[in-house]
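S.K.: Sequence and predicted model, in that order:
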Amino acid sequence: MEPVLILPCLAVILFVGTVVVFYNRLVKARNQLREGWSGIEVQLKRRHELVPALVECVKGYRAHEEELLEAVARERTVAQSARGVSEAGVAEKALARDLGRIVALVEAYPDLKADEVFFGLMEDLVEVEDQLQYARRYYNGSVRDLNNIVESFPSNLVAGGFGFKVAEFFEVANASERLPPDLASALKGG
């Protein structure tokens, strides 16, 4: 083979190899992102499943709290039908706010704190919220990794050529943060 042809062939092989390496990194990062979102969806579903039981448990205090219970049910429906990261983020923030208001009822109705069903539901809520925070951290780490690859040179050239886009971070409020200190420590075994 002629030396004049070897250099262009090596350049083409090097270029194709570089594109393949960056493309594979992008695919791996996108798949980690999808895995992370799946983990968030599992925890959000668990949270949504707790809502009817919480509402039912608090119904005995309904006279003053009917509007709150209706708001929680409405926010749950909106959150369940949310599509995509930003829509889910907005819906989940509203749901967490209203769930936090239900949790705050413990201060208004001290006998609710002693209710075994409510206490069990609060334990479940704390566990779901903790798992949701872990899932959110994993997902947001995956977003960071994908965005670093998509926005860095020279991988951004490959990302743009194959249609990879920057992903959105997911923020969600923790409804169990509004627990009174004595109930929070009891739920955490302290």
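M.R.: Nice, thanks for sending it over.
S.K.: Where does pLDDT dip in the protein?
M.R.: 1, 61-64, 175-190 (pLDDT under 70).
S.K.: swap the cut-off to 50 and go again
M.R.: Counting by pLDDT under 50, not a single residue of the chain qualifies.
S.K.: what packs against the helix ranked longest in it?
M.R.: Determined from DSSP state H, the single longest helix within the chain is helix 3-58. Contact here means 3 or more C-beta pairs under 8 Å, 6 or more residues apart in numbering; DSSP states H and E; on that basis helix 3-58 packs against helix 62-81, helix 85-108, helix 116-151, helix 155-161. C-beta: built from backbone N, CA, C; applies to glycine.
S.K.: nearest to residue 34, of those helices?
M.R.: helix 116-151 (8.4 Å; C-beta to C-beta).
S.K.: Would you indicate which residues of the closest one are buried?
M.R.: 118-119, 121-122, 124-126, 128-129, 131-132, 135-136, 138-140, 142-143, 145-147, 149-150 (16 or more other C-beta atoms under 10 Å).
S.K.: ditto for stretch 24-35
M.R.: Buried residues in stretch 24-35 (16+ other C-beta under 10 Å): 25, 26, 29, 30, 32, 33.
S.K.: got these as JSON lines, with distance to residue 84 columns?
M.R.: As requested, the buried residues of stretch 24-35 are exported to JSON lines (distance: C-beta to C-beta, whole Å):
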{"residue": "25", "distance to residue 84": "24"}
{"residue": "26", "distance to residue 84": "20"}
{"residue": "29", "distance to residue 84": "19"}
{"residue": "30", "distance to residue 84": "15"}
{"residue": "32", "distance to residue 84": "18"}
{"residue": "33", "distance to residue 84": "13"}
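S.K.: residues near residue 170, how many?
M.R.: 19 (other C-beta atoms under 10 Å).
S.K.: Report the distance from the longest helix of the chain to the chain centre.
M.R.: On the basis of C-alpha atoms, centre = their mean, to the nearest Å, helix 3-58 sits 15 Å off its chain's mean C-alpha point.
S.K.: sorry, back to before: what about the helices and strands packed on helix 3-58, which gets the closest to residue 46?
M.R.: Short answer: helix 116-151, nearest of the helices and strands packed on helix 3-58 by C-beta to C-beta, at 4.8 Å.
S.K.: Who are the packing partners of that closest one?
M.R.: helix 3-58, helix 85-108, helix 155-161, helix 181-187.
S.K.: between those, which one is nearest to residue 69?
M.R.: Closest among the helices and strands packed on helix 116-151, using C-beta to C-beta: helix 3-58, at 5.1 Å.
S.K.: on that earlier part again, quick check: which of the helices and strands packed on helix 116-151 is nearest to residue 173?
M.R.: Nearest to residue 173, of the helices and strands packed on helix 116-151 and by C-beta to C-beta, is helix 85-108 at 3.6 Å.
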